[in-house]
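> What follows is a predicted structure for the sequence shown.
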Amino acid sequence: MNILVCISHVPDTTSRIDFSDDKTSFKSEGIQFIINPYDEFGLTKAINLRNEHGGKVTVVHYGTSSSEPTLRKALAIGADEAIRIDGHPKDSYSVASELAKVIETNQYDLIIAGRESIDYNGGAVPAMIAEMLDLPFVNACTGLEIEAKEAKMEREIEGGKEFVHATLPLLIAGQKGLVEEADLIIPNMRGIMTARTKPLSVRDLSSNEIKCTSLSFEKPQPKQACTMIDAGNEKELVTLLHQEAKVL
Amino acid sequence: MSVVVYAESSNGLFKKGAAEILTYAYKTAKSLNMKCVAVTLGSTDELQQLSKYGIDKVVSINTDFDICDNKGIAEALSKVIEEESANIFILSNSNTGKTVGPRISVKLDASFISNAVEIPQSHNPLIVKKKSFSGKAFELAQSINEKVVIALSPNAFHIAENPNSDCEFSTFEIDKSNQNVNSSGIEKAQGKMSLAEAETVVSAGRGLKGPENWNMIEELADLLDAGTACSKPVSDIGWRPHSEHVGQTGKAIAPNLYIAIGISGAIQHLAGVNSSKIMVAINTDPDAPFFKAADYGIVGDAFEVVPRLIDEIKRFKSAN
Ligand SMILES: Cc1cc2nc3c(=O)[nH]c(=O)nc-3n(C[C@H](O)[C@H](O)[C@H](O)COP(=O)(O)OP(=O)(O)OC[C@H]3O[C@@H](n4cnc5c(N)ncnc54)[C@H](O)[C@@H]3O)c2cc1C
Ligand SMILES: Nc1ncnc2c1ncn2[C@@H]1O[C@H](COP(=O)(O)O)[C@@H](O)[C@H]1O
């Protein structure tokens, strides 16, 4: 089975979010970047599927050379090869178009993306790819089993879950549940060493079309200090929630 | 020209978010001097309700779609958008909205903007404020294309009624194409309330010590008509189902009231809940980071504070 995992590279979840002085861009100096957590579940699932069915796991990322450590980490975790599309991604549409080009020119049975990137939270790239390539698409996927060309999946819906099935080739946007937290693979020394010699190819952009731009960013107003209520005086809390906050 | 809005229903009933999205679409249309057209999918007896929100025209597609058929739903909605020659299409950031919105934008060669929190500041080019960085920032996004698909962040906009007695009702026929994803069933979560739609959420963390102690959390939630949530470690160790995990790597929610019990308030947890209107923290540790983010706080043992809070709310409810 030939599997492609789309990886976005995002600020570590503990990062302080700051913007350039003119407020037009995210300040990435001093920020530690990681594999988008949703994509890490997908990557681990892809590796498990390859170990079970044979085949190859390729990871793809659209970004500048500064994200190569993230791709090397994916190789250390167990992917077989990596592709980097060289450029600075500007919007979901351009990312989806570039990824669609890679998918079109190779034969993948399964393409795994994440439910959303935890930085810009677009949550749009996978569904756009599905539309561009007319692939069956399952969003918020929390479980996947494959037998021959048939995939059985579980996905999260509002107020529960849905069981769905589709025929390969297939695109999913995954999250926790594909594998559990405890199944995530932490690269060992051997993985890190072999990752250095695994193929990482760099491709040029095929187009530069974008459909959205960011004009500026701002941080939310700082919260007012917390009103403390003494334990034992829960009545006061109820009164405040009713009269002051007007949420009861 | 018109603004088209998708009023999502499930089993024939409009979702709570529908009133919010209709209000948003009406206000957007009004600010741009456009007609506001609502589109619905599947059979429902509640169509008349839509006119309460200032809608000029309701187009109903009476074909039933499986919710997993994102290709079919996107196709059907796109046809109506084209038929109405709309430049702006609005839907909610619900599960379905997030899946079909981007598809429609590609189909119609439109820009896609998700997590919007305000009506557009301008048209041509369209500029709208949206949430970004898991609620840690706002962004002003500008569309390049004339056509735009906007997904509205839930609980970001106040519902307002603007009854329109001239609202026109019409139907639209669709030839359904072959589904490429099929459903073999749905399993409802045990909780009564969907977290995304809950106006109040009662959430608990590792401070509760074990899954057997969640009775009081559920009792408090029942009393407040609230959904229940939990921190990540709590769902990782299996005390609570994954569907309750909120935070940067779980669900992002924005209820009116979020009550956090025995949750330290780690940055990753706050990222998923900091869009709540009011937050209450109950924690034994006066230095717990949650008190820096909360509006109201009680330093105390959850096993004493929560039962007393339950009593007080019961008293409050019987008095009001
Ligand atoms: C990549 C990454 C992603 C993450 N994503 C998320 C996420 O999406 N969501 C999330 O929640 N976390 C996430 N985390 C984990 C996060 O960093 C915290 O570890 C987690 O939120 C802590 O959960 P907690 O508050 O329940 O537990 P703890 O940090 O153990 O806090 C328990 C709290 O309970 C209090 N307490 C103890 N006893 C009592 C009592 N009797 N009464 C009242 N209070 C009591 C303690 O004072 C303490 O403050 C993530 C971490 C990483 C590294
Ligand atoms: N620059 C990128 N390179 C590769 N994959 C990406 C990129 N950006 C987003 N993706 C994929 O699309 C998913 C959703 O991202 P987004 O639509 O940006 O929220 C991510 O979880 C990734 O799987």
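That came through, no problem. Ligands and ions are numbered 1, 2, ... in the order given.

> so what's the residue of chain A found nearest ligand 2 closest to, chain neighbours aside?
Going by Cβ to the nearest ligand atom, ligand 2 is nearest to residue A:114 of chain A, at 2.4 Å. Any C-beta I mention is one placed from the backbone N, CA and C, and that applies to glycine too. Spatial nearest neighbour of residue A:114, chain neighbours left out: residue A:38 (3.0 Å); criterion: Cβ to Cβ, 6 or more residues apart in numbering or on different chains.

> returning to what we had before: please tell me how far the residue of chain A closest to ligand 2 sits from residue A:2.
Distance, residue A:114 to residue A:2, using Cβ to Cβ, to the nearest Å: 19 Å.

> you'd agree residue A:83 is up against residue A:108?
No: assessed by Cβ atoms under 8 Å, residue A:83 is found out of contact with residue A:108, at 11.6 Å.

> what about the two, which has more around it?
For residue A:83 versus residue A:108, neighbours defined as other Cβ atoms under 10 Å in any protein chain shown are more numerous around residue A:108 (23 against 19).

> tell me the contacts of the more buried one?
Taking Cβ atoms under 8 Å, 6 or more residues apart in numbering or on different chains, we find residue A:108 in contact with A:2, A:3, A:4, A:58, A:169.

> Can you show me the helices along chain A?
When secondary structure is read from DSSP state H, chain A shows helices at A:37-53, A:68-77, A:92-105, A:125-133, A:189-197, A:234-243.

> closest to residue A:153 out of the ones you listed?
helix A:37-53 (11.1 Å; Cβ to Cβ).

> any residues touching that closest one, and which ones?
A:1, A:3, A:5-8, A:13, A:35, A:55-57, A:59, A:74, A:77-80, A:110, A:112-118, A:144, A:146, A:172-179, A:183-185, B:248-249.

> let's see 7 Å
A:1, A:3, A:5-8, A:56-57, A:59, A:74, A:77-79, A:112-116, A:118, A:144, A:146, A:174-176, A:178-179, A:183-185, B:249 (Cβ atoms under 7 Å, 6 or more residues apart in numbering or on different chains).

> Can I have the buried ones of those as a ChimeraX selection?
To isolate the buried ones among these in ChimeraX, judged by 16 or more other Cβ atoms under 10 Å in any protein chain shown, type:
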select /A:1,3,5,6,7,8,57,59,74,77,78,79,112,113,114,115,116,118,144,146,174,175,176,178,179 /B:249
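
> what number of residues lie near the nearest residue in space to residue B:317 that is not next to it in sequence?
The shortest distance from residue B:317 to any non-neighbouring residue, by Cβ to Cβ, 6+ apart, is to residue B:223 (7.3 Å). Residue B:223: 16 surrounding residues under other Cβ under 10 Å.

> wait, isn't residue B:223 in contact with residue B:311?
No: in this structure, residue B:223 is not within contact of residue B:311 by Cβ atoms under 7 Å, at 10.1 Å.

> what's the helix or strand for the residue of the stretch 101-250 of chain B found nearest ligand 2?
Taking Cβ to the nearest ligand atom, ligand 2 has its nearest neighbour within the stretch 101-250 of chain B at residue B:102, 7.7 Å off. Residue B:102 is part of helix B:95-107 when elements are defined by DSSP states H and E.

> so for that helix, what's the average pLDDT?
On average, the pLDDT along helix B:95-107 is 96.

> That helix and chain A, are they touching?
Yes: looking at helix B:95-107 against chain A by Cβ under 7 Å from any Cβ of the partner chain, the contacts come from B:95, B:98, B:99, B:102, B:103, B:106, B:107.

> Name the residues that touch that helix?
A:92, A:123-124, A:127-128, A:130-132, A:139-140, A:157-158, B:8, B:67, B:70, B:73-74, B:77-78, B:89, B:91, B:111-112, B:114, B:149, B:151.

> Show the overlap between those and what lies near ligand 2.
A:92, A:123, A:124 (Cβ under 6 Å from any ligand atom).

> which of those residues has the most neighbours?
residue A:124 leads those on contacts (other Cβ under 10 Å) with 30 neighbours.

> Got phi/psi on it?
phi -120, psi -30 (degrees, to the nearest 10).

> do you know how far it is from residue A:212?
10 Å.

> Low-confidence stretches in the stretch 151-300 of chain B?
B:191-192 (pLDDT under 70).

> hmm, 90 instead?
Applying pLDDT under 90 to the stretch 151-300 of chain B picks out residues B:154-158, B:175-178, B:188-198, B:242-243, B:249.

> what does it have sitting close to chain A?
Checking the stretch 151-300 of chain B against chain A by Cβ under 7 Å from any Cβ, the hits are B:180-189, B:194, B:196, B:236, B:242-243, B:248-249, B:256-257, B:267-268, B:277-278, B:291, B:293-300.

> rewinding a little: can you tell me which of the ones next to ligand 2 among the contacts of helix B:95-107 is nearest residue A:152?
The closest of these, once distances to residue A:152 are taken by Cβ to Cβ, is residue A:123, at 24.0 Å.

> Minimum distance to chain B, which residue of chain A gives it?
Nearest residue of chain A to chain B: residue A:231, at 3.1 Å (Cβ to the nearest Cβ).

> Do I have it right that that residue meets residue B:302?
No: counting by Cβ under 7 Å, residue A:231 sits too far from residue B:302 to count as a contact (10.2 Å).

> neighbour count winner among those two?
residue B:302 (23 against 15).
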